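In: Please find the sequence and the predicted model below.
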Amino acid sequence: MPSQPPDPGQDVAFDEPVQPLADACVTYADEWLDEDELVRSARAKAYELGCRPVSRTVATALTLLARAIGAKAVVEVGTGAGVSAAALLDGMSDQGVLTSIDVEAEHQRVARETLGGLGYDHVRARLIAGRALEVLPRLADGAYDLMFVDGDPGEYPSILAQGRRLLRPGGLVAFDQVLSSGLLPDFTRRDAETTALRTVVHEVRDDGHWHPALLPIGGGLLVAMRRSAD
């Protein structure tokens, strides 16, 4: 006999807790969409350079976010070997311009090769070598549709403040690797990196200027929409 649906006015107790995704499911999701050969090569080069590329699930999410908002102007903190830059440009409008910042000029040399091979010239992909917190203040207020950050976690709160200034209303900010240490839920942790990550995830949650989502993909992707102008 089929079970009856629960009464909408009653609390429902479930016998089985929700289980985390098995490793095989995470791998399946990561490999679900194919990736360009040049991007796969950039991933290998990133590890050789000692910079971790975004996961494939995060890359596909970045492409989707950029495409969903019709992004024309995007700023990226942490160029690496160009994996995330390629994902962002793939989702941007045909005339869109990506401004990508990295302190390591050698990383950007490799990224330039990757992006050039994918057909993005220096007009579409503007690479700036320098520290994010020195470059971002020079960029124009309200001029960007999306900001992606994959850099020094200790700088995330200060970069968020810059993002609030740089993004147009309805623009998106995304921070990668916010859960990668696994320490964020441990409130006894007081080290500088964990404190900075906790600050940024709480600020986008509690500050009325943002509409946030914390996505458990890759190393943890924090996404927030800029609600309105000050």
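Out: Now that the structure is in, tell me what you want to look at.

In: So which bits of the helix or strand of the chain with the lowest mean pLDDT are buried?
Out: Among the helices and strands of the chain, helix 23-30 carries the lowest confidence by mean pLDDT, DSSP states H and E, at a mean of 82. Under the neighbour-count criterion of 16 or more other CB atoms under 10 Å, helix 23-30 has 26, 30 buried. Heads up, the C-betas are built off the backbone N, CA and C, glycines and all.

In: centre of the chain versus that helix, how much separation?
Out: A distance of 19 Å separates the centroid of the chain from that of helix 23-30, by CA atoms, centre = their mean, to the nearest Å.

In: Now do it: everything it contacts.
Out: Here helix 23-30 makes contact (CB atoms under 8 Å, 6 or more residues apart in numbering) with 21, 55-57, 217.

In: now those in CSV, with neighbour count and pLDDT?
Out: CSV is the format used below for the contacts of helix 23-30 (neighbours: other CB atoms under 10 Å; pLDDT from 0 to 100):
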residue, neighbour count, pLDDT
Leu21, 11, 66
Ser55, 21, 94
Arg56, 22, 94
Thr57, 19, 95
Ile217, 18, 92
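
In: In helices, which of the residues you listed appear?
Out: 56-57 (DSSP state H).

In: Let me know the closest of the contacts of helix 23-30 to Val135.
Out: Ser55 (25.5 Å; CB to CB).

In: which one is that closest one nearest to, not counting chain neighbours?
Out: Gly218 (3.7 Å; CB to CB, 6 or more residues apart in numbering).

In: from memory that neighbour sits against Phe175, does it?
Out: No: in this structure Gly218 lies outside contact range of Phe175 using CB atoms under 8 Å: 11.1 Å.

In: neighbour-wise, which of these two wins?
Out: Phe175 (26 against 23; other CB atoms under 10 Å).

In: Beta-bridge partners for that one, please?
Out: Per DSSP bridges, the residues bridged to Phe175 are Val149, Leu222.

In: Val200 versus that one, what's the distance?
Out: Distance, Phe175 to Val200, using CB to CB, to the nearest Å: 6 Å.

In: Check Gly80 too.
Out: Taking CB to CB, one finds Gly80 at 20 Å from Val200.

In: ditto for Leu65
Out: In terms of CB to CB, Leu65 sits 18 Å off from Val200.

In: pLDDT weak spots in this structure?
Out: Counting by pLDDT under 70, the chain has low-confidence residues at 1-21, 229-230.

In: all strands of the chain, in order?
Out: Secondary structure of the chain (DSSP state E): strands located at 73-77, 97-102, 125-129, 144-149, 167-175, 210-215, 221-226.

In: would a markdown table of those strands with distance to Glu113 be doable?
Out: Below are those laid out as a markdown table (distance: least, CB to CB, whole Å):
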| stretch | distance to Glu113 |
| --- | --- |
| strand 73-77 | 17 |
| strand 97-102 | 14 |
| strand 125-129 | 11 |
| strand 144-149 | 20 |
| strand 167-175 | 25 |
| strand 210-215 | 30 |
| strand 221-226 | 26 |
